[in-house]
Each structure stands twice: as structure tokens, then as C-alpha cells.
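S.K.: okay, here's the prediction I keep looking at, along with the sequence it came from:
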Amino acid sequence: MKDFVSANKGKIEVFIVLAILLTISLLTHFRKDLFVEESGKIELFNGLSLILIFGLIAKWKYTREILAFYTFFAALATLMGMMVGGQFSLAWFFLVLGFSVSFYFLSFSKNVRQYLTLNR
């Protein structure tokens, strides 16, 4: 019974991660003016990440580890981009926050680990 409850908690946490990563992907694709100038280019979580997000839903074997690695470096790159810009931007802050929360759930959450290994 305890495994079932923690697996359901893990399911909720996985869907929180999916919502965050999908929002980041769509926001940086359709509203890039929040992050860079009109002539600038920003690509975070493009095609490969959408496949990995689908893999997280399908419980593919190493998807959690790959996405955790990917979100860590995306958070690091976003933090560097925020520092290089020289001014505080709320959009960049929310990107770092979203990547950090996703990284935490994917790397350190026991519930997510149990949910993704349950009935694989």
C-alpha cells in the first residue's frame, strides 16, 4: 500500500515536471521576445527534449537520468545568460526556477524514481 501511495505521489511529481518542461519549451519557442531581442535566437528544450518528455510519460529506461542531466545544464546556461545580460529579468528568473525544480524532482525525488521503475 505504501508503494502505491508513493507511486501516485511520483506520478503527480512527474506531471509537474512535464508541465514545467512543456511550458518552457513552448514559451521559448512562441514568445522569444521575453528573453532576447527581436533579432535574437533562443532555443531551449527543442525537438530532442520533446521526445525525452514523451519518453518520461512512456517510462523509457534512462529518460529520467538524461532529462536530469539536460535540465541541470539548461539551468546553468540560463543562469549564465541571466548574468551576462547585466540586468534582472523576471522571465529568465522563472526559467532558472523551472529548470531547478525539474532537476530536483528528476534527480532527488524517491517518489519519481519509484513511479518510473514501477511496472516498466
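M.R.: Ah, there it is.

S.K.: the chain: helices as residue ranges?
M.R.: Secondary structure of the chain, counting by DSSP state H: helices at 2-30, 47-57, 63-85, 90-108, 110-117.

S.K.: quick one: closest of the ones you listed to Lys41.
M.R.: Ranking those by proximity to Lys41 (CB to CB) places helix 2-30 first, at 10.3 Å. Every residue, glycine included, has its C-beta placed from N, CA and C.

S.K.: show me which residues of the closest one are buried.
M.R.: By neighbour count on 16 or more other CB atoms under 10 Å, the buried set for helix 2-30 is 6-7, 9-11, 13-14, 17-18, 20-21, 24-25, 27-28.

S.K.: for it, which helices and strands make contact with it?
M.R.: In terms of contacts (3 or more CB pairs under 8 Å, 6 or more residues apart in numbering; DSSP states H and E), helix 2-30 is packed against helix 47-57, helix 63-85, helix 90-108, helix 110-117.

S.K.: so which of the ones you listed comes closest to Val36?
M.R.: Shortest distance between Val36 and those, using CB to CB, is found for helix 63-85: 9.0 Å.

S.K.: how about Tyr115, nearest residue that isn't a chain neighbour?
M.R.: Nearest residue to Tyr115 in three dimensions, chain neighbours excluded: Gly10, at 2.8 Å (CB to CB, 6 or more residues apart in numbering).

S.K.: for Leu22, that is, sorry about that
M.R.: Of all residues not flanking Leu22 in the chain, Ile53 sits nearest, at 6.4 Å (CB to CB, 6+ apart).

S.K.: cool, and Leu18?
M.R.: Of all residues beyond its chain neighbours, the one nearest Leu18 is Ile53 (5.9 Å), with distances taken as CB to CB, 6+ apart.

S.K.: am I right that the one you found is in contact with Leu21?
M.R.: Yes: look at Ile53 against Leu21 with CB atoms under 8 Å: they come within range, at 5.6 Å.

S.K.: that's all I had, so thanks and see you.
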